[in-house]
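Participant: here are the coordinates; sequence isn't available:
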């Protein structure tokens, strides 16, 4: 019986200490491994964030720049400022009209002040420059041009202690700028944007040559594009056909933990230098009246019903009408402003119910046909003022 008790004895103090030492060594090794793996994961995430930040910044600029010159009247320049850290251009990029066939991007929430050309009454200074733009109004078919001014620029980031930390911002017309990317490495002498122009060599051979950084910035200083004065030195900016973007971004850290990535991309400007061709002939003939009347919808809410017949040049004549443009102004307003609505052509008759009205308010409406040039017809206004019950 006593021998059995001796066989069931526990660990001695020495054995327990040895086990604790071994366990501690194993745990220390495991924790060290986990810490190293955690650092590798953090480093990988940091590198991925850096790459994504860089790719987003370059892709955003490329998308906008490729639209430079799109759907502009001939007198409106494509590029207006070309500097090492600022590029400003005109393009019909964004619209808030649901059926606009010409703009690149539809944003129903885009403010009216950001979807058409800014006029000289709202002249503004291009960011990071002393260059004021525009000095004239650009019209298409008697109305304001649909091409807005888009500016990309880099400016020091005042929220960090680093002196080489820059922000990339985008500004549309004179609206507040929006942040595109941060943690961009640069300096006052960094060339973020390099430009390439078309030159003609001996024998009539055309080539694409880089413009030296010392020759920047270039500005469009002639009010009317393609005017007799828009030649020679004043027209150098009009010969630009490509922009090379070079950005270096960091992961936002410093010292040995900092990681940098650089991306360079050549962006062609396919719409620059192409004048609008009058392929649709003369401006369209409307030849129909616009009717407007207040109605009450089935759910009891007020609305204004607009009606008109196809334009003369939709079903006959040149048959080149592609859409109808409607304007609306409220109360005693004297300015029609930007178009209110665009409706594609192709119907036997047209009926549109404007439900975005307020009881007790008065409205006036204006109609024009537009062809594929695009040119606008003369307008037809609804007779009288529509008063919503």
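Facilitator: Looks like it came in fine. Note that the coordinates shown come from a computational prediction; the quantities given were computed from them, not determined experimentally.

Participant: Do me a favour and get the backbone dihedrals for residue 179.
Facilitator: Note on residue 179: its backbone torsions stand at phi -70, psi 130 [degrees, to the nearest 10].

Participant: per-residue pLDDT, it?
Facilitator: In the predicted model, residue 179 carries a pLDDT score of 95.

Participant: Please apply the same query to residue 201.
Facilitator: Per-residue confidence at residue 201 stands at 67 (pLDDT).

Participant: do residue 84 as well
Facilitator: Taking residue 84 on its own, its pLDDT is 97.

Participant: Then residue 41?
Facilitator: pLDDT for residue 41: 56.

Participant: ditto for the one 5 residues further on
Facilitator: We have a pLDDT of 58 for residue 46.

Participant: what ranges do the helices span in the chain?
Facilitator: Assigned by DSSP state H, the chain shows helices spanning 2-7, 13-65, 312-315.

Participant: Run through the neighbouring helices and strands of the second one.
Facilitator: Secondary-structure packing of helix 13-65 (3 or more CB pairs under 8 Å, 6 or more residues apart in numbering; DSSP states H and E): strand 86-91, strand 148-156, strand 165-172, strand 178-185, strand 240-250, strand 260-268. For glycine as for every other residue, the C-beta is placed from the backbone atoms N, C-alpha and C.

Participant: for the ones you listed, which one sits closest to residue 303?
Facilitator: strand 148-156 (30.7 Å; CB to CB).

Participant: list the helices and strands that closest one packs on?
Facilitator: Checking 3+ CB pairs under 8 Å, 6+ apart, strand 148-156 ends up next to helix 13-65, strand 86-91, strand 165-172.

Participant: Quick check: which of the ones you listed is buried the most?
Facilitator: Neighbour counts (mean count of other CB atoms under 10 Å) averaged over each of the helices and strands packed on strand 148-156 peak at strand 86-91, with a mean of 27.

Participant: any residues touching it, and which ones?
Facilitator: Strand 86-91 has contacts (CB atoms under 8 Å, 6 or more residues apart in numbering) with 64-65, 67-72, 76-81, 104, 117, 126-129, 133, 145, 147-154, 193, 217, 243, 271.

Participant: cool, stretch 169-177 as well?
Facilitator: Taking contacts as CB under 8 Å, 6+ apart, the residues outside stretch 169-177 that touch it are 60, 64, 94, 111, 113-114, 117-118, 122, 124, 127, 148-155, 178-180.

Participant: about what we covered before: between the helices and strands packed on helix 13-65, which one is nearest to residue 208?
Facilitator: Relative to residue 208, the nearest member of these by CB to CB is strand 240-250, separated by 6.3 Å.

Participant: Please state the offset of the closest one from the chain centre?
Facilitator: Its chain's average C-alpha position is 17 Å from that of strand 240-250, according to CA atoms, centre = their mean, to the nearest Å.

Participant: ok, now stretch 360-374?
Facilitator: On CA atoms, centre = their mean, the centre of stretch 360-374 falls 26 Å from that of its chain.

Participant: Sort out which residues of that stretch are buried, please.
Facilitator: Residues of stretch 360-374 classed as buried under the neighbour-count rule (16 or more other CB atoms under 10 Å) are 362-374.

Participant: ok, of the residues you listed, which one's closest to residue 26?
Facilitator: With CB to CB as the yardstick, the closest approach to residue 26 among these comes from residue 374, at 76.3 Å.

Participant: circling back to that earlier point, closest one to residue 248 among the helices and strands packed on strand 148-156?
Facilitator: Among the helices and strands packed on strand 148-156, helix 13-65 sits nearest to residue 248 (CB to CB), with 8.2 Å.

Participant: quick one on the thing from earlier: out of the helices and strands packed on helix 13-65, flag the one nearest residue 332.
Facilitator: It's strand 148-156; of those, that one is closest to residue 332 (CB to CB) at 28.3 Å.

Participant: In the sheet, which strands lie alongside that closest one, parallel or antiparallel?
Facilitator: Sheet partners assigned to strand 148-156 using DSSP bridges are listed as strand 86-91 (antiparallel), strand 165-172 (antiparallel).

Participant: Determine which of these approaches residue 257 most closely.
Facilitator: strand 165-172 (15.4 Å).

Participant: Reformat the helices and strands packed on strand 148-156 as TSV; add distance to residue 295.
Facilitator: Formatted as TSV, the entries for the helices and strands packed on strand 148-156 read as follows, by distance: least, CB to CB, whole Å:
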stretch	distance to residue 295
helix 13-65	42
strand 86-91	39
strand 165-172	37
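
Participant: among the ones you listed, which is nearest residue 289?
Facilitator: Taking CB to CB as the criterion, strand 86-91 is the member of the helices and strands packed on strand 148-156 that comes nearest to residue 289, at 34.9 Å.

Participant: Quick one, which of the strands paired with strand 148-156 gets closest to residue 316.
Facilitator: Taking the strands paired with strand 148-156 one by one with CB to CB, strand 86-91 is closest: 34.3 Å.

Participant: distance of the most centrally placed residue in the chain from residue 334?
Facilitator: Central residue check for the chain by CA atoms, centre = their mean: the C-alpha nearest the mean position is that of residue 64, 5.3 Å away. Shown here: residue 64 relative to residue 334, a distance of 34 Å by CB to CB, to the nearest Å.

Participant: And the strands in the stretch 201-350 of the chain, which stretches?
Facilitator: Along the stretch 201-350 of the chain, counting by DSSP state E, counting those that start in this stretch, strands occupy 206-210, 218-219, 240-250, 260-268, 291-296, 302-308, 321-330, 341-344, 350-354.

Participant: Indicate which one of the ones you listed is closest to residue 100.
Facilitator: Closest approach to residue 100 among the strands of the stretch 201-350 of the chain (CB to CB): strand 341-344, 5.0 Å.

Participant: Would you mark the buried spots in stretch 188-205?
Facilitator: 190, 192, 193, 194, 195, 196, 197.

Participant: Could you break this structure into its assigned domains?
Facilitator: The record assigns the chain these domain ranges, following automatic domain parsing: 49-268, 291-387.

Participant: Buried only: go through the contacts of stretch 169-177 for me.
Facilitator: For the contacts of stretch 169-177, a burial check counting by 16+ other CB under 10 Å picks out 64, 94, 114, 117-118, 124, 127, 148-155, 180.
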